[in-house]
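> Kindly return the folded structure for what I paste below:
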Amino acid sequence: MKESATSGASVEKTKAGFLLRIQKGDSLRYRDAQLDDYSRLPRAEFPHHSLRLNLSARASAKSTLGTWGFGIWNDPFGLSLGFGGHPFRLPALPNAAWFFYASQESFLSFRGGFDTPPQLPANGFIAQTFRSPKFHPLLLLAGLAFPFSRKKTRSLLSRVINEDSAPISMDVTQWHSYSLQWSKTRVVWEVDNIPVFESPVSPHPPLGVIIWIDNQFASFTPDGKISAGILPNEDSWLEVRDIEIKSS
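Coordinates of the predicted model:
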């Protein structure tokens, strides 16, 4: 796993794992501490097509400003033009499965709107999965609709991006063991060896593992409001240990 941290953040090795920390700060600077196994690879060469991710974790507080979590994704919002040794990578539709925490400023779900089924959990501590194609004809309509109706754009995206999620009620400040099992046909989330959620919505490979904490938010609400940015935060950390990745 590669360690990385922005200014105002750090990744410290511990006896059995890592302590990811972001320092107290204002909303003028993005702070991110993370571990991953894909950052130097083109998206098509991400290392995993199925896996089981096991680890133990605890967070500094039950509620923090920003996001944190661990799981797998295709880094859909990453943009790299290939400079500085980084691979060329354009934004993409999301494929991900993770244990995910987001403060209430975020709304990371495309379900729910004026002509779509009821929404899924979009913030708090959740088990979440996204499955998206590389391209879908409705994306053209979404692009055309965006300048005129963000509600319609969101509704069209909800037909392209398949997702599923469930809230997880627990004290994240205490040590717990977590397991994410991803195969071609399903994803299973376990906490302390007890299944807490299972979904047939399995993200398209290849994907990379990510463990992180940051102070950002992103939101696209059912009423069409889009917002994203950086939040002022207190000292916050995510500690992980006993990381085990079994890829197949």
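
> State the distance from F77 to A96.
F77 is 11 Å from A96, where distance means CB to CB, to the nearest Å. Placement of C-beta: from N, CA and C, glycine included.

> which of those two has more neighbours?
Neighbour comparison, F77 and A96: the larger count goes to A96, with 23 against 11 (by other CB atoms under 10 Å).

> Am I right that that one is in contact with G69?
No - counting by CB atoms under 8 Å, G69 is not a contact partner of A96; they are 9.7 Å apart.

> Y38: what's its closest spatial neighbour, skipping adjacent residues?
Spatially, and ignoring its direct neighbours in sequence, Y38 is nearest to G208 (2.7 Å; CB to CB, 6 or more residues apart in numbering).

> For that neighbour, give me its contacts.
36-39, 41, 46-48, 72-75 (CB atoms under 8 Å, 6 or more residues apart in numbering).

> just checking, which of the residues you listed belong to strands?
Using DSSP state E, the subset of the contacts of G208 located in strands is 36, 72-73.

> re earlier: which among the contacts of G208 gets closest to S236?
Top of the list for closeness to S236, among the contacts of G208 and by CB to CB, is D36 at 19.0 Å.

> residues in contact with that closest one?
So D36 contacts 1-2, 4, 208-212 (CB under 8 Å, 6+ apart).

> Select from the contacts of G208 the one having the most neighbours.
For the contacts of G208, the largest number of neighbours (other CB under 10 Å) sits with I72, at 29 neighbours.

> what's the closest non-adjacent residue to that residue?
L207 (4.2 Å).

> Would you confirm that that neighbour contacts A44?
No - the criterion here is CB under 8 Å, and L207 misses it with A44 at 11.4 Å.
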